[in-house]
Structures are given as C-alpha cells and as structure tokens.
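K.L.:
structure, please.
(chains A and B)
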Amino acid sequence: MSSVSTRPACKPADYKSDLKPIWCPGCGDSHVLMSFTRAFAQLGLAPEKVAVISGIGCSSRIPAYTNCYGFHGVHGRSLALAAGLKVTRPDLTVVVASGDGDGYSIGGNHFLHACRRNIDMTYVVMDNRIYGMTKGQPSPTTEPEFDTALTPGGTGVAPFHPLVVALASGANFIARCFSGEPNETADVLAEAIKHPGFSFIEILSPCVTFRPDEKEWKDQVRPAAVPATNDQGKAARRLMTDDGFNLGILYRGDRVPFQAAVAAGASDTDLSELEKDFEL
Amino acid sequence: MGASPSISIAIVGSGGAGALTTVNSLLEAASAAGWHGLFTRTMGPQIRGGEAAGLLRLAVHPVECLPDQFDLIIGIDWLNAHRFGGEIKAGPQTLVVSDPRGGEPLPMVAQSGARVVEIPMKEIAKSIKDGRPNMIALGIASRLLGLSIEQVFVPIAKRLAEKGAEAIKASRDGIKAGFDAAAGIDFDAQLAAPNPSDTRRWLLSGNEATALGAIRGGVRFAAAYPITPATEILEWLAPSLAKIGGVLLQAEDELAAINMIIGSSYGGTPALTATSGPGLSLMIEALGLATAAEIPVVVVDVMRGGPSTGIPTKSEQTDLNIAIYGLHGEAPHLVLAPQSVGDCLFTTQWATYLAETLQAPTIVLSDQFMGQSRAAIERPADVAFIGARTVASNISGTYKRYALGSNGVSPMAIPGTPGCQYTADGLTHAETGTPTSGAADHLAQLDKRRDKLDHFNFGDHWASVEGTGDLALITWGSLTGAAREAAGRAAADGFDVRVIAPRLLAPVQPERLAAALEGVKRILVVEQTHSGQFHRYLRAHYDLPAPVRVFNRPGPLPITAGEIHRAITDWR
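P.N.:
Have a look, this model is predicted:
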C-alpha cells in the first residue's frame, strides 16, 4: 500500500463508477466488485491514487466499474502493464484483476515472472474454471472430465494449480477467497494491498451461466483450519494437499519487494555525464 | 598516387584473436587525430570462435557507408572467412598482408589481382613475451596508414589499464614489432590530412546514439528483452537511466516488454523498448492497444535479415511492411527511420517527441548496419524536441479522455490527478472512454486518431532532400549514406542526382514528396529487400511522376555506393 488520503474518508459507493456492470445475474464477479470497493474504503485510499489493471475476459471488465484509474488492456498481459506502471509510479496502489483464462493460460508466463519479480502490487484472479466470455470453453483450471463443445468428453488434462505455482515462483502473499463472502474477501484484499511485494489472491467466483454446478461452492468452502505461515516448505505442503476450498490467507512471505536501481544523486536534467561516454 | 579523402582497411582473424579490438583501436586513434571513421564488424553466427573481421573506413569527411573495396586487408587467419568473404572486396590496388600460417587468402581476394605481402604475424608474436598476433597487425596497420606507434597505443593502454603493466608492455612491444615488420612495404594509399574540428568528436554506435536520443527526448523508462542486434540499446540504457532517476525493467518476453512500456507511459513516464523483427512481431497486438487507448510509446526495431530467425547479425530493410501494415484494424501510428549512426540520435529523439505530442505509438526502424557500426562524428546538436504531452488538470465537469476536438489530441489524465479517473481501453470507446460498439462512436474515434496524425505539421525533418538533378534516388534508412556517396560520384562525373530519403515513413506525406520530386524525369528506388517493399509502399501512397527503376537486393551483403553509382550511370 502506498497512499492514504487526507480527505474525508470515502465510502465503498464512492469507488463505484456510474456504469452498470454487464455481468450475468448471479455472476460471482459482481460480488468481487463489492469487495474491491469495500477494501479501498477500509484502507481510506484516494480513488485517483488507485489503478485497477486488467486484461480480457468477464473478470477484466472490473476497472471501468470502479471510480479509480483503470486500464483494460489486451488478453493476458495485465501483469506486465501493471509492472511498468508501478515501478515508475510507486505512489499508486496497483491492483490487477484477471481470470483463469486470462491469467493462467494466455498470461501464464507473466504470472510466473510477476511472482518472481515481487513488485509491490496485488493480483486478483477470479477463477470460475471456464472461459465465460467466449461461451464455455475449458480453462487451465477446468476439471479434466468437464464436457464442452470444444473438448467433447472433457479435456483429459490435469488442471493447473495456481497457488502452488505462485508459491514456487516467489509470490509474497497467497490467499484464497470466495466471491459469495464479500466482506471476508474485502478484508483479505485489504491485507494483500498492505502486504509488501507481490500479493496473489485467487477468488473462487462461480460462473452461473456455463458452470451452474459451481453454485455448490458456497457449501464446499470453509475457512482454512490453520493460520497463514511464512514458511515456504510448510506452505508448499499445505497448498499441494489442499482440496481447493480452504479460504483465507495461506502464506505471508517476507521477501524484500522489487526496488528499481537508482544511482545516488540521480539528476533528471543533466545529461552531460551520460554524454561523456562518447567523447573522444 | 596522391592523398585520398578516404581509406579502408579490413582485418580478418580467428574469433578471439582480437581482430575487432585491433580495428576499434585504429578507429579510436584515427578519430583522436581528427579523422572521421566508420567501423563495422562482421562474423559468422558463432558467439566465440570462428572467424571475424573488422571493417574500417577512415576519411576526412563523415563516413556513412562502407567502401566498394578495401585498400588494405590484413589476414591473421583466413580459415572460415568465406562465411563473410563477400563483404571484403579487393581489387588490383588492394594490398593484402597475410600470415603464411593463417591459411590461404580468400579466393575472391586472391583472384582480384591484389598484391599479397606475407608477414609471419604469429611467429613475430611468439618472439615477444605474452605477444599477440593482433598487436602485430595493429603495428603493421598503423605504419601503413601513417599513424604513429604512440597514436595507436593510447587506446590500447586505456583498454588494458586494469590488466597491469605487463599486459600493456606486451601490447606495446607487439605494436612496435609490427610497425618495424611493415618497414619497406610499398603502400601508395595515403589519407589526406584531417579537417580541424572545433568541438570534441564523439565515438559511438548507432544503438548507443538511439538510446541517448531517447533519453534526450524524455524517455525515463525502458523495458528490455535481449535480441540481436538491438541489445546494446538496452544495455546502454540500463545504467544510464539509473543515473538520471529512470528505470529499466528486464521483461520475460517481448509481449511483456511492450505492455510494460504502455503501463509506464499510462502512468505519465515516457517509455521505450528496443527489439528486432521477431520481437516486433510479438509486440504488434499491444501496439494496436496503444493506438486505440492513445498511449505514447516508442519501439525501436533494429532490423535484421528475416523472416523468422533469419540472419540475426546482418542488416536488411525488410520490416518496413510489418511496421507500417502489421497492425490489425485501422491503426494509425508513426513509423520513422534514422539514416546514419548520428541520425539515430536525432530520429529517436524526434520519435519520442512525436509519440508524446501525438499520443500515438511510434516505431523507429533502425537496422543492424547502423545500429552496430561505430562512427566518429561531430557531437549531434541539441534540439528542442523534448516530449511535452498534453495532460489533463483542473477539469470542471465530466472529464472526457477521448474528447473530440479540432486537432484530435485530447488531454490525457495522469493517474493521481483528482477528478479525472478514467479507464484506458482497447475496446472501441466513447469520448469518456466508456466501451461501446456504436457506429457513431467508432467512426468518431477512428477519425480522431487519423486526424491527429494527418493534421500535424511534421516540418522539414520528414526527409532529407539533397541535390536538384532530374534523376531522383529515393531510398531510406542506412542506405541513405551509400546513396549520397553515389550521388557525389555522379556529380563528380558532371551529372546531378537528387537524393530523397524520407525519415518519416508513416503517416505518409504525399504533398511533401510531390514537391521534392518536382521536375524529375527518372526515379531510381534503392532498397535492401527482396520483394521491393519500399517501392510498393511508394506506389501505394505517392504519385511517382516519372519512369521508375528499382535497385533492390536482400541482405546480408550491403549495397555499396559503387553499385548505386553504376545503376545511375546505366540510366543516364
């Protein structure tokens, strides 16, 4: 977290834009939007000091529904765009929103390197285990037997394990939330924003249109039985053996966040020192 | 034979033998003495080992192209030199100094009628403690070029300062031995005395000039993914940006690099990345995003032979099509091309200024030849092109990021500005930035993005136009130097030739080219491509009011001034 406003505190509604969200009725992402605005209000962030960055997909519509600065970029590249923003504007609070297709498939490589780079920002992936916007194709987190038009009879391919990948790649904060619990999710999001370095939250966010079975998630999720650890070994064991429905902060690391190299006494205007390189 | 305004030397040696260091030292010594010079290296695809050659042309005037043939070729080793033998042209006037233990000179050299003198450089080196054959070659070259031992020793001593007194002494002894061994060799070519200069000359590569131009233009963030032959831009920027409070981020791939600079620029910090053809291919989608969302960014493409991995270490002008036409949808953006090592600085600075001013992505098409050549040039002048973006502040009422207005450039809110929050979007949007698929908004924003480029006055920098003859040479990029030299030779024959080289390739400037072509009777298009991309581009966008001939050839061999001169002479 980088900025706290000195103005009268904003209410969650102050972080919402006038746009009416275009999500299916019952979509988990609507609740995630509530969690965003509640977390920002909880932290007292000035809306103009928050940037919400996304790629393409249902979840990536979220920036325009906030009253913050936003960027709705190309498919899969939100983390890279956010990295360029945050290292040049460390004063901003940068939150990246993605989905399981955008974040784990086309954007998978950037996920690994964003964890590794550990820039101080928060990455929220709304996981519904399906491509919703293109009407129901399997994503990297879809179960192998799930039948779709693109993969009749299922993919036969084991799903990706994002939390384990995040841990192995160096993410500094790992949590799982459920969209149906917007207050709990807002609390975790606020913690993630405050935590230095790269924070990753997977939010189970049902797609009621193409995955009506995910309505059952509300009965399957539970608060994690043990508190967050800062021990990578313990976290690895815990995440590897987890059934995907334990909620809460699961890992809190203490890696030092990325710091841009700046030479002492750097001047923005005097280029003569640089030009000396070339003088005969 | 009298003093010549220009003299050229090639040194061939096995990789790691130091042929390139030798030529670089010659360039530095000659530059310090007041001559201009251009040094290019050529080698096979290996990183270590194999053969390498340093090609150097020294002159009393600025040098922007290689010679038709070399006056002096020193072969320490010839073993695998056939890989690039086509670049080392010899003639009957050429003197070849060859080590008898380094194999036979290249057939092309041997058959050219060149005079061959044998000097056992390796054997002489062995007689010196820690002696190296390349220092013998340096001594030979210095004597034949009329440089003193002291003059060539200065850059070597500087380079070896950290290696200690013994290494320095070994080098000095080697240079002296080579200098002595060249006594009595008859070499007629003599370089005319240099023109005095008031200012301290600069010695730099086109890639370094590109990087400095970006910084002069206001770039304070770079994203970097290594690729031959562009990496030196990024490697120079890394420490340099840190010194002035900027940041360089190494990206995981070119997709990340282009998106990182979009993020930086969105946040208000002018940004650049540098790549070559394969990387540009990966960046194209996000360049469309920068066009739609109106985010200024600069992408330098140091062109190499393509398609695919192609010839990474050799120059070609074949990324013209992708730079201009590669983006899907209607995506007006800028494409600029520098014309020489020194012009890499100006053009990249101008590109940064234009990107920032017009809130549009800008591609700079440099190439391997000028990017990786080092040249001794006059210090490029300071120009006033420093990015000044139109930003939003103190907005009353609803802020419209993409407001329609007279010139198409709308104030851009920088995050942190209260009351101007908006979402930048690649989706078709209304003036506020709100996504829409309505016909009216789509058309209005397409018009806006087209008009802001079309209505801008790019001024005289759009091209270099020289001469008044009724035969016009139209070329671009690093071929401009060879074209100018060919025109100079034609002028010496009493035949005036006009040379027109656009620096601004997009948006096109039909009225300006029409003015530049007024009165021409013949048009000779010169380009380093296989299919004539530049000719087709000219045909698509410009009136060419006279018969046209095209002289084109793909890489890897450079197109020489002599070849262009012949093409002119053939059409007189």
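K.L.:
C-alpha from now on. contacts and neighbour counts both.
P.N.:
OK.
K.L.:
which SS class is residue 61?
P.N.:
Using chain A here. helix (DSSP: H, G, I helix; E, B strand; the rest coil).
K.L.:
centroid residue for the chain?
P.N.:
Answering for chain A, as no chain was given. Most central in chain A under Cα atoms, centre = their mean is residue A:124, positioned 1.7 Å from the mean C-alpha point.
K.L.:
the intended chain is chain B.
P.N.:
residue B:370 (2.7 Å).
K.L.:
I figured it hits residue B:206, correct?
P.N.:
Yes: with contact defined as Cα atoms under 8 Å, residue B:370 and residue B:206 form a contacting pair (5.2 Å).
K.L.:
next, show the common contact partners of the two.
P.N.:
By Cα atoms under 8 Å, 6 or more residues apart in numbering or on different chains, residue B:370 and residue B:206 have these common neighbours: B:340, B:341.
K.L.:
look up how far residue B:155 lies from the residue of the stretch 1-150 of chain B found nearest chain A.
P.N.:
Closest approach between the stretch 1-150 of chain B and chain A, counting by Cα to the nearest Cα: residue B:32, at 6.3 Å. According to Cα to Cα, to the nearest Å, residue B:32 and residue B:155 sit 10 Å apart.
K.L.:
returning to what we had before: what sits against the residue of the stretch 1-150 of chain B closest to chain A?
P.N.:
Neighbours of residue B:32 in contact, by Cα under 8 Å, 6+ apart: A:280, B:201.
K.L.:
equivalent analysis for residue B:568, please.
P.N.:
Contacts of residue B:568 (Cα under 8 Å, 6+ apart): B:490, B:524.
K.L.:
Three-state assignment for it, please.
P.N.:
Assignment for residue B:568 (three-state DSSP): helix.
K.L.:
next one: residue B:122
P.N.:
In three-state terms, and counting by three-state DSSP, residue B:122 is helix.
K.L.:
just to revisit the earlier point, buried residues, the host helix or strand of the residue nearest to the centre of chain B. List them.
P.N.:
Assigned by DSSP states H and E, residue B:370 belongs to helix B:368-372. Buried positions in helix B:368-372, judged by neighbour count with 16 or more other Cα atoms under 10 Å in any protein chain shown: B:368, B:369, B:370, B:371, B:372.
K.L.:
per-residue pLDDT, the closest residue to residue B:530 other than its chain neighbours?
P.N.:
Of all residues not flanking residue B:530 in the chain, residue B:554 sits nearest, at 4.7 Å (Cα to Cα, 6 or more residues apart in numbering or on different chains). Looking at residue B:554, its pLDDT is 97.
K.L.:
so who does residue B:554 touch?
P.N.:
Applying Cα under 8 Å, 6+ apart to residue B:554 gives the contacts B:305, B:316, B:317, B:318, B:528, B:529, B:530.
K.L.:
go on, residue B:57?
P.N.:
Residues near residue B:57 by Cα under 8 Å, 6+ apart: B:6, B:7, B:8, B:9, B:37, B:38, B:39, B:63, B:66, B:67.
K.L.:
which SSE is it in?
P.N.:
Assigned by DSSP H and E, residue B:57 belongs to strand B:51-59.
K.L.:
neighbouring strands of the helix or strand just after that strand in the sheet, and parallel or not?
P.N.:
Downstream of strand B:51-59, the next assigned helix or strand under DSSP H and E is strand B:72-75. Strand pairing for strand B:72-75, using DSSP bridges, gives strand B:6-14 (parallel), strand B:95-98 (parallel).
K.L.:
may I see these organised as a markdown table, with mean pLDDT added?
P.N.:
Shown next, in a markdown table, are the strands paired with strand B:72-75 (pLDDT from 0 to 100):
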| stretch | mean pLDDT |
| --- | --- |
| strand B:6-14 | 93 |
| strand B:95-98 | 96 |
